[in-house]
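J.: Compute the structure for the input listed below.
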Amino acid sequence: MIQTFEQVIGGQRMQFCASIAKGGRPQRVIISRADSAESLVIVEAGGIIGAIKAEVEAPDSFVADAVCKAQQEALIERALETDAVQTTSL
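T.: Numbering: from 1, shown residues only. Model (predicted):
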């Protein structure tokens, strides 16, 4: 499942994609630029509530929640500014 979205950063409209990482626990969503495979943000379904939510929620809702969290915390901007992958929990 891949979700594409746009976000304005520094006055420029940029395209990104988010997808559920395959395998492993906890489940996580990887956000990258649409034109690159470079990971910018990793959102993990941490804790008991996050893990349960990731298991029972529809995949598109899980990805949308992860994108919203990354945007609210300005993690995409920070990743682009610092060239470092940002990590958070859902």
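
J.: which residues in this protein form helices?
T.: Assigned by DSSP state H, the chain shows helices spanning 47-56, 59-72, 75-82.

J.: where does the protein dip in pLDDT?
T.: For the chain, the stretches with pLDDT under 70 are 24-25, 47-54.

J.: Show me the residue sitting in the middle of it in space.
T.: I31 (4.1 Å; CA atoms, centre = their mean).

J.: so what's that one bridging to?
T.: Legend: beta-bridge partners of I31 under DSSP bridges are A18, V41.

J.: Touching, it and S39? I think so.
T.: Yes - using CB atoms under 8 Å, I31 is in contact with S39, at 7.4 Å. The way it works is simple: take the backbone N, C-alpha and C, and place the C-beta from them, glycine included.

J.: Can you give me every residue that contacts Q15?
T.: 4-6, 33-35 (CB atoms under 8 Å, 6 or more residues apart in numbering).

J.: Check the gap between it and E6 for me.
T.: In this structure, Q15 and E6 are 5 Å apart, going by CB to CB, to the nearest Å.

J.: Likewise for T87?
T.: From T87 to E6 the distance is 23 Å (CB to CB).

J.: got it, and C17?
T.: Separation of C17 from E6 (CB to CB): 11 Å.

J.: Please say which of those two ends up with more neighbours.
T.: When C17 and E6 are compared for neighbours, C17 comes out ahead with 18 against 10, by other CB atoms under 10 Å.
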